[in-house]
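Engineer: Following is a predicted model, sequence given first.
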Amino acid sequence: MSDEIRPCPKCGGLMFKEHGEDVSWFCPTCNVKYKTK
């Protein structure tokens, strides 16, 4: 598994890393974005 993909804590599906001002993770299954600190 690459650094760009990780399992979603909510549904267990794949989240994709998004690079912006802050790094965030997007889960298309839940349609939710998670912010990382």
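Structural biologist: Cool, the structure landed.

Engineer: make it CA atoms for all contacts and neighbour counts henceforth
Structural biologist: Fine.

Engineer: Across the sheet, point out what pairs with residue 32.
Structural biologist: Note on residue 32: beta-bridge partners residue 27, judged by DSSP bridges.

Engineer: For residue 11, see how far away it is.
Structural biologist: For residue 32, the distance to residue 11 (C-alpha to C-alpha, to the nearest Å) stands at 11 Å.

Engineer: The helix or strand bottoming out on mean pLDDT in the chain packs against which elements?
Structural biologist: Here the helix or strand of the chain ranked lowest by mean pLDDT, DSSP states H and E is strand 32-35, holding a mean of 92. On a contact count with 3 or more C-alpha pairs under 8 Å, 6 or more residues apart in numbering; DSSP states H and E, strand 32-35 meets strand 23-27.

Engineer: Give me the distance between the residue most central in space within the chain and residue 10.
Structural biologist: Centroid-nearest residue in the chain: residue 25, 2.5 Å away (criterion: C-alpha atoms, centre = their mean). Distance, residue 25 to residue 10, using C-alpha to C-alpha: 12 Å.

Engineer: Let me know the outermost residue of this structure.
Structural biologist: residue 21 (15.1 Å).

Engineer: returning to what we had before: who are the contact partners of the closest residue to the residue nearest to the centre of the chain other than its chain neighbours?
Structural biologist: Using C-alpha to C-alpha, 6 or more residues apart in numbering and skipping residues adjacent in sequence, the residue nearest residue 25 is residue 17, 4.5 Å away. Residues in contact with residue 17 (C-alpha atoms under 8 Å, 6 or more residues apart in numbering) are 3, 4, 5, 23, 24, 25, 26.

Engineer: how does it look with 6 Å?
Structural biologist: By C-alpha atoms under 6 Å, 6 or more residues apart in numbering, the contact list for residue 17 reads 4, 24, 25.
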